[in-house]
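Engineer: What follows is a predicted protein model with its sequence.
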Amino acid sequence: MTNNATDRRIGELTKVSVIMDQMTNQPDGLKAMKLAYIAGPYRAATKGGILLNIQNAANIGAMAAEKGYAIIVPHCNSYLPDKCGTFTDRYWLDMDLEVLSRCDLVVLVPGWEQSAGTRAEVEFANERGIPVYEASALVEASI
């Protein structure tokens, strides 16, 4: 970039920073948000089934975001693992549990009971005192 283009870009970023600071109520410029982990089935018999599970989780994540939560949708982290390298299932599960351990709550996608991975995430959260909610609680605004 030229100096003028760089100067313009810095000016744009400064404006965005000022606006973001005005929108928040924290002295460090960050808005206090609870972090919600969206848990639900990922695997399916077909690629189409996997895509449907990803979409269902993303939809629940969007609902949580609309309620003011910061969200983690692990389905989107490993979107079609064959496109993400050659990581093992164990890697994805360990990574998800590490991320989950840092979250404030878990929101369950309908049908989660059929997923061994999600049941393990629920058990993990329960063992650590992380609250677990059905997605319907978002609609009812009870969380």
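Structural biologist: Received the coordinates, thanks. Numbering: from 1, shown residues only.

Engineer: Now do stretch 38-46: distance to the chain's middle.
Structural biologist: Remark: stretch 38-46 is offset 15 Å from the chain centroid, using CA atoms, centre = their mean, to the nearest Å.

Engineer: How are the helices of the chain distributed by residue range?
Structural biologist: For the chain, applying DSSP state H gives helices covering 3-23, 47-66, 74-77, 89-100, 116-127, 136-139.

Engineer: Just say which of these is most tucked in.
Structural biologist: helix 74-77 (a mean of 18; mean count of other CB atoms under 10 Å). C-beta here means a position set from N, CA and C on the backbone, and glycine is covered the same way.

Engineer: Off-centre distance for that one?
Structural biologist: Here the centre of helix 74-77 is set off from its chain's centre by 7 Å, with CA atoms, centre = their mean.

Engineer: From the contact counts, what lies against that helix?
Structural biologist: Applying 3 or more CB pairs under 8 Å, 6 or more residues apart in numbering; DSSP states H and E, one finds that helix 74-77 contacts strand 35-39, helix 47-66, helix 89-100.

Engineer: between those, which has the poorest average model confidence?
Structural biologist: When the helices and strands packed on helix 74-77 are compared by mean pLDDT, helix 89-100 comes last with a mean of 89.

Engineer: related to what we said a few turns ago, please tabulate the helices and strands packed on helix 74-77 in TSV, including the columns distance to residue 131.
Structural biologist: TSV is the format used below for the helices and strands packed on helix 74-77 (distance: least, CB to CB, whole Å):
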stretch	distance to residue 131
strand 35-39	10
helix 47-66	13
helix 89-100	12
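
Engineer: could I get the helices of the chain as JSON lines with distance to residue 35?
Structural biologist: Putting the helices of the chain into JSON lines (distance: least, CB to CB, whole Å) gives the following:
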{"stretch": "helix 3-23", "distance to residue 35": "19"}
{"stretch": "helix 47-66", "distance to residue 35": "10"}
{"stretch": "helix 74-77", "distance to residue 35": "13"}
{"stretch": "helix 89-100", "distance to residue 35": "9"}
{"stretch": "helix 116-127", "distance to residue 35": "12"}
{"stretch": "helix 136-139", "distance to residue 35": "15"}
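
Engineer: Nothing else from me, thank you.
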